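1. Build me a model from this:
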Amino acid sequence: MSTKAVIVSALAAIAAVMLGAAAKSSPKYFTAISSHTGVELIHLRGISASGQRFYLNKATSAYCPQVKNLDCSKYGNATVFAYNSDGTVSMNVAVPGGQQVYVASGGALAYTGVHSANVPQDAQRATFNYTAQTSDGGVGTLTFDNQGFVVCPTKDAPVFQVFAWTPRDEAGAFRWDCIGIQFATAKYSGASSYQYD
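-> Just a heads-up that it's a prediction; the model follows:
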């Protein structure tokens, strides 16, 4: 084999490795709805980010600061997730530092505040499992530790909060009013939000 052929082969191998690494590190963006047939207040309801938690039947709380040289018209206000190849999830945002998704110690699905990648010490960031939406229109899914999610009613009916497992009440007993859901996903290619409050 000539020197030229060896160099070309080596460059091709390096390019293939670099392309593979780039493909693995690119996040997969998606929106989500809850699925639980027969429960109207839960079935096919959008999952929205608000107050560093996730809810059904509550508006997304997206924000873009009115500062010089920042064009807020290019940012959206939908709740959009980004699945990362390391089994973590973040929010699809432009704010420096990003916003990470985690499961709080009480089971609540949560996300970090702006300008802070700090996740509470007793929280869990992995492992989320994402299955993409199929090309024929079938929904994808998101699970945490290979388990589905639950939603529990809040004091602000008909709002439900999303949890990775059934939380306990003030007395320490498991809540009886929570319902299991499928976290159904759909691919997303629109504008990111600047940040979520």
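2. What separation do you get for the most centrally placed residue in the chain and residue 41?
-> What sits nearest the mean C-alpha location of the chain, by C-alpha atoms, centre = their mean, is residue 81, with 3.4 Å. Relative to residue 41, residue 81 is positioned 22 Å away (C-beta to C-beta, to the nearest Å). To be clear about C-beta, it is placed using only N, CA and C from the backbone, and glycine gets the same treatment.
3. My guess is residue 188 contacts residue 80. True?
-> Yes: counting by C-beta atoms under 8 Å, residue 188 touches residue 80, with 5.2 Å between them.
4. Which one of these two is surrounded by more residues?
-> residue 80 (23 against 20; other C-beta atoms under 10 Å).
5. correct me, but that one touches residue 29?
-> Yes: if you go by C-beta under 8 Å, residue 80 and residue 29 touch, sitting 5.8 Å apart.
6. Common neighbours of these two, please.
-> Common neighbours of residue 80 and residue 29, using C-beta atoms under 8 Å, 6 or more residues apart in numbering, are 92, 188.
7. any common contacting residues for residue 188 and residue 80?
-> Counting by C-beta under 8 Å, 6+ apart, the common neighbours of residue 188 and residue 80 are 29, 30, 31, 92.
8. So which helix or strand of the chain has the lowest pLDDT on average?
-> Using mean pLDDT, DSSP states H and E, the weakest-scoring helix or strand in the chain turns out to be helix 3-25, at a mean of 42.
9. thinking again about what came up before, ok, now which ones touch the residue nearest to the centre of the chain?
-> By C-beta under 8 Å, 6+ apart, the neighbours of residue 81 are 29, 30, 31, 32, 89, 90, 91, 92, 101, 142, 185.
10. Make JSON lines from those residues and add neighbour count, distance to residue 174 and secondary structure to it.
-> Below are those laid out as JSON lines (neighbours: other C-beta atoms under 10 Å; distance: C-beta to C-beta, whole Å; DSSP: H, G, I helix; E, B strand; the rest coil):
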{"residue": "29", "neighbour count": "16", "distance to residue 174": "34", "secondary structure": "strand"}
{"residue": "30", "neighbour count": "24", "distance to residue 174": "30", "secondary structure": "strand"}
{"residue": "31", "neighbour count": "19", "distance to residue 174": "30", "secondary structure": "strand"}
{"residue": "32", "neighbour count": "25", "distance to residue 174": "25", "secondary structure": "strand"}
{"residue": "89", "neighbour count": "22", "distance to residue 174": "25", "secondary structure": "strand"}
{"residue": "90", "neighbour count": "19", "distance to residue 174": "29", "secondary structure": "strand"}
{"residue": "91", "neighbour count": "21", "distance to residue 174": "29", "secondary structure": "strand"}
{"residue": "92", "neighbour count": "22", "distance to residue 174": "33", "secondary structure": "coil"}
{"residue": "101", "neighbour count": "23", "distance to residue 174": "24", "secondary structure": "strand"}
{"residue": "142", "neighbour count": "22", "distance to residue 174": "23", "secondary structure": "strand"}
{"residue": "185", "neighbour count": "23", "distance to residue 174": "27", "secondary structure": "strand"}
